[in-house]
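Q: Give me coordinates for this.
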Amino acid sequence: PGARDASSSPASSLAYRLPVYGWLPVQFALLLWGAREAAVGRAASSASTFGGLALSLGIVGAGGINAAHELLHRAGRGERCAAAALLASVAYGHFAVEHAVGHHGRVGTAADPATARLGEPFYAFLPRSVGGGFRSAWAIARRRRRRSGRGGRPRAAHGVAASLVASAALAAALGGAWGARAVALWAAQAAVAVVILEKVNYMEHYGLRVGAHHSWEAPQTLTNVLLFKLQRHADHHQHAGRRYQTLRASPASPVLPAGYPTMALLCMVPP
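A: Okay, here's the model as predicted:
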């Protein structure tokens, strides 16, 4: 699926874009505050406070991945760069390449690491999706280099190597400013964010084969508001260029028994 913007007027409305755009400065501001708090604030002397801070920032980071998901499907360079920055903040920059090219091209098949198999526990899916997604992103990048005929790199904003460098630079900057505890907090919140993302991946296509309606949907209002209509996932896969506010419910798609927050807890229980 392409990454072209929908051309309808609501899709171009700044009012809908602002919450997505605004996630970037808010997330980085909270991350910087949290890193300082972990080094010289209350979290510096309390393990429970440090853990709570990492969990809270990880939840924000998972929301940032969701915002990045909306942005990486756009054609504009600025929006793609914002997506890359959000993903770099949780050390998951390869997701931009793997999701747009790999997952969207192979969803619902055995070749897609982000499609959970019927009966597969989340604890087995998690390492398979994380490792398989990273390997897939590198393979996609290599194919792009070969096709370019120049031995160059993919788009800088979405290159797998560039995302690793950006994450390492962020960690180094935090360490230089506030020391090892700041880096530890950054790593912990990134891990929390990635686990939450993979829970969403797990529930979105669990046990489904590829087809026009191959995604589980969730009509709950809270899920709709918090996740930029991510739960209208079948329409997203059929029309990846549509902005979130124009995505439509798919009556033929299976419906989750509860919203994403509840299902994220339930998926921790093996099937």
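
Q: where do the helices sit along the protein?
A: 14-40, 47-72, 77-88, 95-97, 104-106, 122-148, 160-178, 180-204, 221-226, 233-238, 260-266 (DSSP state H).

Q: So which bits of the last one are buried?
A: Judged by neighbour count (16 or more other CB atoms under 10 Å), helix 260-266 contains these buried residues: Y260, M263, A264. (Glycine included, C-beta is placed from N, CA and C.)

Q: Report the contact partners of the second one.
A: Spelled out, that is M263. K199, M203, A218, L256, P257 (CB atoms under 8 Å, 6 or more residues apart in numbering).

Q: So S89 sits against G64, correct?
A: Yes - counting by CB atoms under 8 Å, G64 is a contact partner of S89 at 6.4 Å.

Q: Common neighbours of those two, please.
A: With CB under 8 Å, 6+ apart, S89 and G64 have common neighbours Q27.

Q: circling back: would TSV of the helices of the chain with mean pLDDT and distance to A249 be doable?
A: TSV is the format used below for the helices of the chain (pLDDT from 0 to 100; distance: least, CB to CB, whole Å):
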stretch	mean pLDDT	distance to A249
helix 14-40	95	18
helix 47-72	96	18
helix 77-88	94	25
helix 95-97	91	26
helix 104-106	84	20
helix 122-148	90	26
helix 160-178	96	33
helix 180-204	96	15
helix 221-226	77	10
helix 233-238	78	7
helix 260-266	90	15
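
Q: Nearest approach to V210 belongs to which of these?
A: Smallest distance to V210 across the helices of the chain (CB to CB): 8.2 Å, for helix 104-106.

Q: Give me the helices and strands touching that closest one, please.
A: Helix 104-106 sits against no helix or strand, with contacts defined as 3 or more CB pairs under 8 Å, 6 or more residues apart in numbering; DSSP states H and E.

Q: Tell me the buried residues in that helix?
A: H104, R106.

Q: And for stretch 122-130?
A: So for stretch 122-130, counting by 16+ other CB under 10 Å, buried means F122, F125, L126, S129, V130.

Q: The spatially closest residue to the first one that is not a sequence neighbour: neighbour count?
A: So that's F122. Leaving out its chain neighbours, the residue that sits closest to F122 by CB to CB, 6 or more residues apart in numbering is C267, at 4.8 Å. Close neighbours of C267, defined as other CB atoms under 10 Å, add up to 20.

Q: How much space separates the residue nearest the centre of the chain from H99?
A: Nearest to the mean C-alpha position of the chain, counting by CA atoms, centre = their mean, stands I65 at 3.3 Å. From I65 over to H99 the distance is 10 Å, taken as CB to CB, to the nearest Å.

Q: same question, G175
A: Using CB to CB, G175 is found at 29 Å from H99.

Q: So between those two, which is more surrounded?
A: H99 (24 against 17).

Q: Tell me how far the more buried one lies from G176.
A: Distance from H99 to G176, by CB to CB: 31 Å.

Q: what's the answer for G76, then?
A: Taking CB to CB, one finds G76 at 32 Å from G176.

Q: residues in contact with the residue nearest to the centre of the chain?
A: L86, L87, V90, Y92, F95, A193, I196, L197.

Q: Please repeat the previous calculation with a cut-off of 7 Å.
A: L86, L87, V90, Y92, A193, L197 (CB atoms under 7 Å, 6 or more residues apart in numbering).
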